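Chemist: Here is a sequence together with a model predicted from it:
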Amino acid sequence: MVQTFQESLMAAGAGISLVDLVVAASNISQDPPIGFALVRPPGHHAVPKGPMGFCVFGNVAIAARYVQRVHGLKRVFIIDFDVHHGNGTNDAFYDDPDIFFLSTHQVSHNLMLLKNCISPLF
Ligand SMILES: [Zn+2]
């Protein structure tokens, strides 16, 4: 249990570190950098009120709020790909017009990309 908590903190921290690095690089480069964090546990099932499934913290949700509050970026686009819907991230930003959440996930045993999988945030 303690190990899971520590690993979950590291996963959430990885997203924050990625945000810091991408923002810092974008301040010194003409070409906007692209960042990608592949972390476990993934975090997209954690809801705002707590953990769900294997997800303790909403890693990308934390990173999105962090980039808004610490770095002053207004709008964030989150792309989630997994066999499961990113319900926790969806719940975190359902009413937030500044966060666009795109979830691609498995539907009826077929991996459906960009069809019937876009979470209706707007
Ligand atoms: Zn999953």
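Modeler: Happy to help now that I have it. Residues are numbered from 1 along each chain as shown.
Chemist: Residue 98 and residue 48: what is the separation?
Modeler: Noted for residue 98: a distance of 16 Å to residue 48, by CB to CB, to the nearest Å. C-beta: built from backbone N, CA, C; applies to glycine.
Chemist: before we move on, what about residue 16?
Modeler: Residue 16 is 18 Å from residue 48, by CB to CB.
Chemist: Neighbour count: the two, which is higher?
Modeler: residue 16 (16 against 12; other CB atoms under 10 Å).
Chemist: Close to the ion: what parts of this structure are there?
Modeler: Contact residues (CB under 5 Å from the ion) of the chain with the ion: 82, 84.
Chemist: Just the mean pLDDT for the lengthiest helix in the chain, thanks.
Modeler: Ranked by number of residues, the top helix in the chain under DSSP state H is helix 2-28. For helix 2-28, mean pLDDT rounds to 94.
Chemist: Could the C-alpha coordinates of whichever helix or strand comes after it be exported in CSV?
Modeler: For helix 2-28, the succeeding helix or strand toward the C-terminus, using DSSP states H and E, is helix 59-71. What follows is helix 59-71, C-alpha atoms only, in CSV (Å, rounded to 0.1, in the frame of the first residue of the first chain):
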residue,chain,number,x,y,z
ASN,A,59,-2.1,12.6,-13.1
VAL,A,60,-3.1,14.5,-16.3
ALA,A,61,-5.8,16.4,-14.5
ILE,A,62,-3.2,17.5,-11.9
ALA,A,63,-0.8,18.5,-14.7
ALA,A,64,-3.5,20.4,-16.5
ARG,A,65,-4.4,22.4,-13.5
TYR,A,66,-0.8,22.9,-12.7
VAL,A,67,0.0,24.4,-16.1
GLN,A,68,-2.9,26.8,-15.7
ARG,A,69,-2.2,27.9,-12.2
VAL,A,70,1.6,27.9,-12.1
HIS,A,71,2.5,28.7,-15.7
